[in-house]
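>>> need the 3D shape of this:
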Amino acid sequence: MSAKILIVDDQADIRKLLRISLQLREDTELFEAADGESGWALAQELQPDLILLDVMMPGIDGYEVCRRVKSHPLLKERSKVILISGRIQPEDVQAGVLAGCDAYLPKTTGPAKLLDKVDSILAT
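Numbers count the residues shown, from 1 in each chain. Alright, predicted model coming up:
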């Protein structure tokens, strides 16, 4: 079964790195958004299996998008959220957990660890 994954990050180079890493997965459809507002709109439209979501973005940040996904009647059970951020202090991670994320990873996470986390989250 194919997994729909939405990548939401305001930095094009980060989206590209994530896309390259995720293309190693078989049966994966990748979608991208460059900010929280368009990411939220795409999440509602696509109802992805997984959203890789940057925390710090202009407009709606990743925490808010995560809260919206986790409170949406159709998305809360379907869409898993992995927050990915350069902000990795305990209070940042705690804010992600409080927003409802399924995992919180530093942006420095390598492709192998990212794929392992994606696979484990999608398996739940």
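
>>> how about the strands in this structure?
Taking DSSP state E as the test, the strands found in the chain are 3-8, 28-33, 50-54, 80-85, 103-106.

>>> just send those strands back as JSON lines, with mean neighbour count and distance to Ala95 too.
Yep, even glycine has a C-beta here, placed from its N, CA and C like the rest. Below are the strands of the chain laid out as JSON lines (neighbours: other CB atoms under 10 Å; distance: least, CB to CB, whole Å):
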{"stretch": "strand 3-8", "mean neighbour count": "22", "distance to Ala95": "17"}
{"stretch": "strand 28-33", "mean neighbour count": "18", "distance to Ala95": "21"}
{"stretch": "strand 50-54", "mean neighbour count": "27", "distance to Ala95": "13"}
{"stretch": "strand 80-85", "mean neighbour count": "24", "distance to Ala95": "9"}
{"stretch": "strand 103-106", "mean neighbour count": "18", "distance to Ala95": "9"}
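
>>> let's have these in JSON lines, adding distance to Val93 and mean pLDDT.
Listed next are the strands of the chain as JSON lines, based on distance: least, CB to CB, whole Å; pLDDT from 0 to 100:
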{"stretch": "strand 3-8", "distance to Val93": "18", "mean pLDDT": "97"}
{"stretch": "strand 28-33", "distance to Val93": "23", "mean pLDDT": "97"}
{"stretch": "strand 50-54", "distance to Val93": "14", "mean pLDDT": "98"}
{"stretch": "strand 80-85", "distance to Val93": "9", "mean pLDDT": "97"}
{"stretch": "strand 103-106", "distance to Val93": "5", "mean pLDDT": "96"}
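
>>> could I get those strands in CSV, plus columns for distance to Asp119?
Formatted as CSV, these follow (distance: least, CB to CB, whole Å):
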stretch, distance to Asp119
strand 3-8, 9
strand 28-33, 11
strand 50-54, 10
strand 80-85, 11
strand 103-106, 12
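
>>> out of the ones you listed, which is closest to Gly62?
Proximity to Gly62, assessed across the strands of the chain by CB to CB, is greatest for strand 50-54 (4.5 Å).

>>> quickly list what the residue lying closest to Leu18 once chain neighbours are set aside is bridged to.
Closest residue to Leu18 apart from its sequence neighbours, by CB to CB, 6 or more residues apart in numbering: Ile7 at 5.0 Å. On the basis of DSSP bridges, Ile7 takes part in beta bridges with Glu32, Leu52.
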